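Peer 1: I need the structure of the sequence given here:
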Amino acid sequence: MREKLQTIGVKYDEVLKRFMGKEDFYLRMLRKFLDDKNYGELRKAVDEKRWKDAFTYAHTVKGLCGNLGLDGILEYAVPLTDEVRSEPYDEEKILTYMDQVTEMYDRTREVIQSL
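Peer 2: As a prediction, this is how the structure comes out:
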């Protein structure tokens, strides 16, 4: 499990400390992440250019990934959140970061599903 999670940017030992060393609890939280709807809503908001909604969802995704140690997604969710935080919106940057978030999100889902 450790090796698979490290491929998506999880600093396993650091993250496990947050979960008091309870690997089974951490795994349960990762599986709950798979059911979270915020990424889908973020994708929809960006596609529809609803930047204020995109900020709300990006900020939530960033928080979830931060809490779970999903640094691969976090690496791109942070600048995406910053880009949709306030006007003027740089659509090109937003779309680039969204593509990167999507790529890492898909890889992350695959890894979690394989655990």
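
Peer 1: Tell me the secondary structure at the residue of the chain most remote from its centre.
Peer 2: Outermost residue of the chain with respect to the C-alpha centroid, by CA atoms, centre = their mean, is Pro88; its distance is 23.9 Å. Pro88 falls in the coil class when you classify it by DSSP: H, G, I helix; E, B strand; the rest coil.

Peer 1: how close does it get to Glu23?
Peer 2: Distance of Pro88 to Glu23, computed by CB to CB, to the nearest Å: 45 Å. C-beta here means a position set from N, CA and C on the backbone, and glycine is covered the same way.

Peer 1: I figured Leu64 hits Leu34, correct?
Peer 2: No. Contact criterion CB atoms under 8 Å: Leu64 and Leu34 do not qualify, at 11.3 Å.

Peer 1: So between the two, which is more surrounded?
Peer 2: Leu64 (19 against 10; other CB atoms under 10 Å).

Peer 1: Many thanks, I have nothing further to ask.
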